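Visitor: Using only what follows, build the 3D model:
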Amino acid sequence: MLDLQVQVRDLQTRVAALESRTVSGVSDMSIAERFTALHDRVSDVGQNILAKIDTLDKKIDIRIEEVRMEMRAGFAQVDQRFEAMDQRFEAIDQRFERVDQRFEAMDQRFERVEGSLTEIKAMLVGLGAQAPGSRVN
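Guide: Numbering: from 1, shown residues only. Presented below is the predicted three-dimensional model:
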């Protein structure tokens, strides 16, 4: 048993010496310490990547909000243009209504004139007048 203990101690000493001098060219550092250091470096890289993603995410959010504001401003301008066009169309509609009223008034006048001409024609016929092309020579 004593011989076995001596062999275990000897092997532990050799493994410790090999770990500290031959792995990855870094002396005086055990494999466990190297794994811890590697884990810490990977963790730092991961944190840096997450920080970069957060920064880019914030920049993207800012840019998206800028685009939204630009779109809102553009839509506001379009809305103003449409409002101006609506006002112009309303003015044109009012003008057409006035023109229609004038035509209706002219139609009424022509109807009155036509009625008057019909009355005059009836009076002339009643007086014995004949139309200019209907005389017999």
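Visitor: Tell me, how many residues neighbour residue 37?
Guide: 13 (other Cβ atoms under 10 Å). C-beta: built from backbone N, CA, C; applies to glycine.
Visitor: What helix or strand is it located in?
Guide: Residue 37 belongs to helix 31-126 when assigned by DSSP states H and E.
Visitor: What separation is there between the most centrally placed residue in the chain and residue 63?
Guide: The residue lying closest to the centre of the chain (Cα atoms, centre = their mean) is residue 71, at 5.7 Å. For residue 71, the distance to residue 63 (Cβ to Cβ, to the nearest Å) stands at 13 Å.
Visitor: Run the chain-centre distance for the helix holding residue 37.
Guide: Centre-to-centre, helix 31-126 and its host chain are 12 Å apart (Cα atoms, centre = their mean, to the nearest Å).
Visitor: Quick check: mean pLDDT of it?
Guide: For helix 31-126, the mean pLDDT works out to 93.
Visitor: Count the neighbours of residue 34 for me.
Guide: 14.
Visitor: For residue 18, see how far away it is.
Guide: 13 Å.
Visitor: same thing with residue 121?
Guide: 137 Å.
Visitor: what do you get for residue 108?
Guide: For residue 108, the distance to residue 18 (Cβ to Cβ) stands at 120 Å.
Visitor: And residue 55, by the same measure?
Guide: 44 Å.
Visitor: again, but for residue 47
Guide: Taking Cβ to Cβ, one finds residue 47 at 33 Å from residue 18.
Visitor: and what of residue 5?
Guide: For residue 5 relative to residue 18 (Cβ to Cβ), the value is 20 Å.
Visitor: for residue 40, same thing?
Guide: 23 Å.
Visitor: Cool, thanks, signing off.
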